[in-house]
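Colleague: just to be clear, the model below is a prediction. Sequence and coordinates:
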Amino acid sequence: MLLDALRELNGWVADDGRLSRSLPLDASQHAELAEQIKIFADTLGVRPDVRRTDEATLIVLAREGGFSLTDVTFAGRVETAYITIAGDLAAREGGLAKGRFRWLRRGE
């Protein structure tokens, strides 16, 4: 079930038990998404690391023992909020396509 859920995520990367996603957002979009992330995180009991860089918002979920279905649920909610907030940008980035989740191998 976890693998099926992961296949539905767009752009999320699994690496050594972490889920991460970089989203191209401007500062105001970042602020809006960060507020949504707080709500999702509190509701689901997850503690994501959310950072703003010059061009993107980076979201990382790391949990001892690897990620769980709750983490994947969180990622799905973030993806939906991103598509709503970024609109055309998300569509151009491929945000409306499914199945672009990828696994990283150690050292990649």
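Modeller: That came through fine. Residues are numbered from 1 along each chain as shown.

Colleague: gap between A34 and R7?
Modeller: Relative to R7, A34 is positioned 27 Å away (C-beta to C-beta, to the nearest Å). For the C-beta atoms, the positions are set from N, CA and C on the backbone; glycine is no exception.

Colleague: before we move on, what about D88?
Modeller: Distance of D88 to R7, computed by C-beta to C-beta: 25 Å.

Colleague: between these two, which has more neighbouring residues?
Modeller: The neighbour count for D88 versus R7, taken as other C-beta atoms under 10 Å, is higher for R7 (11 against 8).

Colleague: list the contacts of E79.
Modeller: Going by C-beta atoms under 8 Å, 6 or more residues apart in numbering, E79 touches 9-12, 21, 95.

Colleague: so it lies in a helix, does it not?
Modeller: Yes: read with DSSP: H, G, I helix; E, B strand; the rest coil, E79 is one of the residues of a helix.

Colleague: mind putting the contacts of E79 in CSV, pLDDT included?
Modeller: Listed next are these as CSV, based on pLDDT from 0 to 100:
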residue, pLDDT
L9, 80
N10, 78
G11, 84
W12, 87
R21, 93
G95, 42
